[in-house]
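Chemist: Got a predicted structure plus its sequence, pasted below:
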Amino acid sequence: MLIFIGLLVLSLFVLPGAQSALACEATSGSSPVKAGTVPNGWGPLVDRAAKDSGVPASVIAAQLDTESGWNPKAVSPAGADGLSQFIPSTWRLYGKGDPFDPANAIAAQGAYMKKLMQVVRPVAQRTGKPQVSLALAGYNAGEGAVLQYGGIPPFDETKQYVPKILALAEKYAQGGDGKAATTEPATSCSGTSVSNATVGGAGDDYPFPNAEYNAGNPLTGFAYRNCTDFAWFRVMQQKGITDRSKWSALRLAPGNAATWEAAWQRQGWTVSKTPKVGAVIWYAAFAGGTQQFGHVAVVKKILAGGKVLEEGYNYGNPPDGHYYTREISANFPSAYLYVPEGRIP
């Protein structure tokens, strides 16, 4: 863990208790790490740190793995100590007792990640970037760096650190992942009344259908069984990207569904009013009966009579985290976001 002390001063200007502008957010604790993945019986300590911090237990475990390789006696060349790799000045703020004691180290990690989640929350709200990812960046580069750059700092180590942990978290996830308390909006896409939707499993090949609804997906940066996670999975599928460690949308920062069009435009990708099989169907905030988070889905088929067969997840009133298909008029969505032909950054 690297802490750039000069940048930490910026964190003094952030109010940890700032209220969210989002309508709703996840509030329950994290599910336990997968049995047998955490060594030396430290699993309950990891689970407790996850509940304290609001970060998925699988991410806490992956972070410890990355920081020290589960070596409680690890000492870095920079003078960082123990499982959680705290430097002495940071340990004095968040740690208690011996930093080489596993229980102390994991508890301190939870305490520091809790603080980081509070500090980066305004950045996540303003930019739509995943709060857990920003907190991880703060752990590596210092919270002040995240505030200074308004996101993941452009440091090579940090740019590698965050996606590495999110990918490694899959190893520790329990059939999906634990919900991160106060981390992401409880739905990154809005619900609406869908009278003609057929909710069922037909055509549903989403790889996480049994994951905990609204829990943070460490692979993508979205939430399990949300419209955004399903639509991004379809994009990855069409690009032939089968390596799940490369599924992160972190660099694109598409945010919630309402901001996906802006993300496409930033990349110079095609945004059209004409449907195309495989294109992302985009509903702006409050369009088509949605709420402030909008909605994204996918064009499954072009039908006769100016109709489109739409498929997606988490579209209902209230949203239920399930697969659906429905027929819509081709001019009903706000736009169609074409899957880019070139390489995705």
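Modeler: Done, it's in. Remember, predicted model here, so these are calculated numbers, not experimental data.
Chemist: next structured bit after the longest strand seen in the chain?
Modeler: Secondary structure assigned by DSSP state E gives strand 295-303 as the longest strand of the chain. Proceeding N to C from strand 295-303, the next assigned helix or strand is strand 307-313, under DSSP states H and E.
Chemist: so what strands line up beside that next one?
Modeler: Applying DSSP bridges, strand 307-313 is found paired with strand 295-303 (antiparallel), strand 323-329 (antiparallel).
Chemist: Buried deepest among those, which one?
Modeler: strand 295-303 (a mean of 23; mean count of other CB atoms under 10 Å). Where you see a C-beta, it was placed from the backbone N, CA and C, and this is true even at glycine.
Chemist: ok, and what's touching that strand?
Modeler: Residues from elsewhere that reach strand 295-303, judged by CB atoms under 8 Å, 6 or more residues apart in numbering: 189-190, 192, 203, 227-228, 230-231, 234, 257, 260, 275-283, 288, 308-312, 315, 325, 327, 330, 336-337.
Chemist: For the stretch 201-345 of the chain, which segments are assigned as helices?
Modeler: Assigned by DSSP state H, counting those that start in this stretch, the helices in the stretch 201-345 of the chain fall at 227-238, 260-267.
Chemist: Point out the most buried one among these.
Modeler: It is helix 227-238: most buried of the helices of the stretch 201-345 of the chain by mean count of other CB under 10 Å, with a mean of 24.
Chemist: list the helices and strands that helix packs on?
Modeler: Helices and strands touching helix 227-238, by 3 or more CB pairs under 8 Å, 6 or more residues apart in numbering; DSSP states H and E, are strand 280-283, strand 295-303, strand 307-313.
Chemist: Averaged pLDDT, that helix. What do you get?
Modeler: Model confidence over helix 227-238 averages 95 on the pLDDT scale.
Chemist: what angle sits between it and helix 260-267?
Modeler: 40 degrees (axes from the mean of the first three to the mean of the last three CA atoms, to 10 degrees).
Chemist: Tell me how many other residues crowd the nearest residue to residue 137 once chain neighbours are set aside.
Modeler: Nearest non-adjacent residue to residue 137, counting by CB to CB, 6 or more residues apart in numbering: residue 152, 4.7 Å away. Residue 152 has 24 neighbouring residues, counting by other CB atoms under 10 Å.
Chemist: Could you do residue 93 as well?
Modeler: Residue 93: 12 neighbours (other CB under 10 Å).
Chemist: how much space between it and residue 139?
Modeler: As defined by CB to CB, to the nearest Å, residue 93 lies at a distance of 13 Å from residue 139.
Chemist: so what sits against both of those two?
Modeler: residue 112.
Chemist: Can you give me the buried ones in the strand or helix carrying residue 167?
Modeler: Using DSSP H and E, residue 167 falls within helix 156-172. For helix 156-172, burial by neighbour count (16 or more other CB atoms under 10 Å) applies to 158-159, 161-170, 172.
Chemist: what do you get for stretch 107-126?
Modeler: 107-125.
Chemist: Give me the mean pLDDT for it.
Modeler: On average, stretch 107-126 scores 91.
Chemist: How far off centre is it?
Modeler: Averaging C-alpha positions (CA atoms, centre = their mean, to the nearest Å) puts stretch 107-126 14 Å from its chain's average.
Chemist: one step back: tell me how far the longest strand of the chain lies from the chain's centre.
Modeler: 24 Å.
Chemist: mind saving the C-alpha coords of it as CSV?
Modeler: These are the backbone C-alpha positions of strand 295-303, laid out as CSV (Å, rounded to 0.1, in the frame of the first residue of the first chain):
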residue,chain,number,x,y,z
HIS,A,295,-32.3,1.6,-18.3
VAL,A,296,-30.2,-0.4,-20.7
ALA,A,297,-31.2,-3.6,-22.5
VAL,A,298,-30.1,-5.4,-25.8
VAL,A,299,-31.7,-5.8,-29.2
LYS,A,300,-32.4,-9.5,-29.4
LYS,A,301,-34.2,-9.5,-32.8
ILE,A,302,-35.6,-7.0,-35.3
LEU,A,303,-39.3,-7.8,-35.9
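Chemist: so where's the protein shaky on pLDDT?
Modeler: Filtered on pLDDT under 70, the chain yields the residue ranges 1-31, 174-202, 317-318.
Chemist: which residues touch residue 88?
Modeler: Applying CB under 8 Å, 6+ apart, the residues contacting residue 88 are 79, 81.
Chemist: swap in residue 335?
Modeler: Residue 335 makes contact with 261, 271-273, 282, 284 under the criterion CB under 8 Å, 6+ apart.
Chemist: one more time with 10 Å, if that's ok
Modeler: Residue 335 makes contact with 260-261, 264, 270-274, 279-284, 287 under the criterion CB atoms under 10 Å, 6 or more residues apart in numbering.
Chemist: count of neighbours near residue 34?
Modeler: So residue 34, with other CB under 10 Å, has 18 neighbours.
Chemist: Then residue 321?
Modeler: 22.
Chemist: pretty sure it is in contact with residue 204, am I right?
Modeler: No. Using CB atoms under 10 Å, residue 321 is not in contact with residue 204, being 11.9 Å away.
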